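K.L.:
only the shape, not the letters, is given here:
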């Protein structure tokens, strides 16, 4: 009892301490990569044909004429205080970009994870139950194709089918023009689905939901293949255990055995993988938002890359990295609480 009670705090403390050097390395790598990138961000933000004196004045105002170690210290200090700098190409802060465009990406990522879990868990359990049958072959092939197919290619195919051919769904955007204006004027969280519910506008809610289907499914398909394979393997392993045979011998139906025992045991590793897929969702969101003109953080990242605005790019990439680290830490903690064996590994 004492060993178990002492091991969990020690495990959690170790994971928390490991976050510090991990975050420091990430911040340093992002800072260095942005400084060695080609192009002059100050000159690009001013439009190119401006006097040299104006460029130098702007550089001085932004602190880019300071030694790199001073710039690095300001950058790290700003991140620790939640200040990611000022966008060079627009009159807004990076924090403002993260608050507005980041909310749209969060909405898209949540929808994609929902799609991935529903498809991954259901298909994984099904093909694990019917191992080495045509159903199993089709399910595994579906998982491989969704994981390997480029997300922008899948998005274009879905647009051709459901927009151009069938005309069932909108092709792009987060909402229609009128709904977009209404939701932006009455924003509470900048997450349109949530704001529509808070405002009690079911018309806006339906409109946003319809626009969310195609990009959410496209990004969700990118991740569901991982869940399909993981759940299938764990269901097959669980069905080989002696207590499963004992349950069958007692006359319990196969459906109940699979859902009550195999499915529940297969959920434990899924919890760990959900956190690891956050990085994949972030990378996939960039291409998905570009394909569907979704006004999220990935769409903004592409815009600022084209503008050579490395302050904005630096802030966005830093937040991406911090989110991945934070999610990984949370998953480590949840996994340790669920499975005590992790604490002693």
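P.N.:
That came through, no problem. Bear in mind the structure is a predicted one, so any value in this text is a computation, not a measurement.
K.L.:
helix or strand with the lowest mean pLDDT in this protein?
P.N.:
helix 41-46 (a mean of 68; mean pLDDT, DSSP states H and E).
K.L.:
I'd say residue 273 and residue 227 touch.
P.N.:
Yes - taking contacts as CB atoms under 8 Å, residue 273 lies within contact range of residue 227: 6.9 Å. Just so you know, the C-beta spots here come from the backbone N, C-alpha and C atoms, and that holds for glycine as well.
K.L.:
in contact with residue 136, which residues?
P.N.:
127, 128, 130, 232 (CB atoms under 8 Å, 6 or more residues apart in numbering).
K.L.:
what's the neighbour count on residue 253?
P.N.:
Neighbours of residue 253 under the rule other CB atoms under 10 Å: 11.
K.L.:
distance of it from residue 235?
P.N.:
Using CB to CB, to the nearest Å, residue 253 is found at 16 Å from residue 235.
K.L.:
tell me the confidence at residue 168?
P.N.:
Note for residue 168: predicted pLDDT of 89.
K.L.:
for the nearest residue to residue 129 once chain neighbours are set aside, give me its contacts.
P.N.:
Among residues not flanking residue 129 along the chain, residue 258 sits closest, at 5.1 Å (CB to CB, 6 or more residues apart in numbering). Residue 258 makes contacts with 125, 128, 129, 235, 239, as judged by CB under 8 Å, 6+ apart.
K.L.:
quick one: residue 258 and residue 70, what's the gap?
P.N.:
On the measure of CB to CB, residue 258 and residue 70 end up 62 Å apart.
K.L.:
try residue 105
P.N.:
From residue 105 to residue 70 the distance is 32 Å (CB to CB).
K.L.:
looking at the two, which one has more neighbours?
P.N.:
Shown here are residue 105 and residue 70; by other CB under 10 Å, residue 105 has more neighbours (25 against 11).
K.L.:
what sits closest to the more buried one if chain neighbours are left out?
P.N.:
Counting by CB to CB, 6+ apart, residue 105 lies nearest to residue 296, which is 3.6 Å off, once chain neighbours are set aside.
K.L.:
can you pull the contacts of the one you found?
P.N.:
Residue 296 touches 101, 102, 104, 105, 108, 285, 289, counting by CB under 8 Å, 6+ apart.
K.L.:
buried residues, stretch 115-133. List them.
P.N.:
115-117, 119-129 (16 or more other CB atoms under 10 Å).
K.L.:
stretch 68-88 too?
P.N.:
71, 72, 75, 78, 79, 84, 85, 86, 87, 88.
K.L.:
for residue 3, give me the pLDDT.
P.N.:
For residue 3, pLDDT reads 47.
K.L.:
let me fix that: residue 115
P.N.:
For residue 115, the model assigns a pLDDT of 91.
K.L.:
and residue 137, by the same measure?
P.N.:
For residue 137, pLDDT reads 91.
K.L.:
equivalent analysis for residue 328, please.
P.N.:
pLDDT, read off for residue 328, is 76.
K.L.:
for it, pull up the helix or strand it's in.
P.N.:
helix 310-338 (DSSP states H and E).
K.L.:
can you name every helix or strand that that helix contacts?
P.N.:
helix 2-36, helix 94-129, helix 263-292, helix 297-306 (3 or more CB pairs under 8 Å, 6 or more residues apart in numbering; DSSP states H and E).
K.L.:
just how off-centre is the first one within its chain?
P.N.:
It stands for helix 2-36. Helix 2-36 sits 20 Å away from the centroid of its parent chain (CA atoms, centre = their mean, to the nearest Å).
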